[in-house]
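>>> Sharing a model prediction with you, sequence too.
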Amino acid sequence: DVQSGVDQTSFFDQELFRPFDEHHIKHPSAIVGGEESDAVMPITAPKVVTPLRPVTTSEGETVVLTTQVEGYPLPQFTWMLNNQPLMASNRVTSHYDMLTKRCFLQLIDSRPNDSGTYELVAENPAGQDRTKTELTVVPVSKIDQTGYVPYDKFSTLEFKPRIPSDLRSGVDATPFVSGEIFRLLETKPVNQQHVPENEQNLPLEVIIPLKLAVAQEGQPVILTTKIRGRPVPQ
């Protein structure tokens, strides 16, 4: 005698609505000038005024099937898929608009297995009517067809890249010895005239002084100068 924890008691007593189905009900138009007339709302069997139409859509799209059904009392609507009752879910919902007498079936995030024959059965105590249609959901490829490299990236291959002017060589092109030093070495020596031994001695005179030299660590350096005097200085 284990009982469910869910309260399955109906929100209303269905016996209260039975008299409305067993007797004629007065139509709202029967009230004229605030007084009731003898006009009554006739009981009519359900009738499909606007049938369902075929639908073809892509996978993932929302589908809405629409039909218009009249009848009194309000018919009970049953949706069928391939001759099997269609159960409501988070994706599948139905709705009836009493004002326009339209019945809707909405499928969110349609899938290929939603394809098939959909049928609406409308039934009341006076009879029933039905309408059916085909729904086709076209599957979408799951393969990512996006290129690994955008096409516009290949356009640069048609042009020669321009080398920036501010690039510098990675090789140190500085000479080990200043070119000015070798230029001094190439200077032709001044012709020395024969000087008798009894001539006076000449004082020392720097003709070409030493010049500033800049060198990197580890490089050889030659300092050059030219000095004149007699006797030959040490």
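Alright, I've got the coordinates.
>>> confidence score at Val232?
According to the predicted model, the pLDDT of Val232 comes to 80.
>>> give me every residue that touches Ala122.
With CB atoms under 8 Å, 6 or more residues apart in numbering as the criterion, the residues that contact Ala122 are Pro46, Val48, Val69, Gly71, Pro75, Gln76, Phe77, Cys103, Gln128, Asp129, Arg130. Where C-beta positions appear, they are placed from N, C-alpha and C, glycine not excepted.
>>> Helices of the protein, residue ranges please.
Secondary structure of the chain, counting by DSSP state H: helices at 18-22, 179-185.
>>> one step back: by neighbour count, which of the contacts of Ala122 wins?
By neighbour count, taken as other CB atoms under 10 Å, the most surrounded of those turns out to be Pro75 (26 neighbours).
>>> these two touch, right, that residue and Asn124?
Yes. At 4.5 Å, Pro75 counts as touching Asn124 under the criterion of CB atoms under 8 Å.
>>> ok, for Val64, nearest residue in space, not its chain neighbours?
Once its chain neighbours are removed from consideration, Val64 has its nearest residue in Gln106; the separation is 5.1 Å (CB to CB, 6 or more residues apart in numbering).
>>> Pretty sure the one you found sits against Val55.
No. Under the criterion of CB under 8 Å, Gln106 lies out of contact with Val55, with a separation of 11.9 Å.
>>> Neighbour count: the two, which is higher?
Val55 (19 against 14).
>>> For that one, list the residues it contacts.
Contacts were defined as CB under 8 Å, 6+ apart; by that measure Val55 touches Val63, Leu65, Thr133, Glu134, Leu135, Thr136.
>>> and of the contacts of Ala122, the nearest to Val140?
Proximity of the contacts of Ala122 to Val140, judged by CB to CB, is greatest for Cys103, which lies at 29.0 Å.
>>> Surely that closest one is in contact with Val64?
No. When contacts are counted by CB under 8 Å, Cys103 is not listed as touching Val64 (11.0 Å).
>>> Touching both of the two, which residues are there?
Counting by CB under 8 Å, 6+ apart, Cys103 and Val64 have no contacts in common.
>>> ranges for the strands of this protein?
Read by DSSP state E, the chain holds these strands, from start to end of the chain: 31-32, 35-36, 44-50, 55-58, 63-72, 76-81, 84-85, 92-97, 102-107, 116-124, 127-138, 205-208, 226-228.
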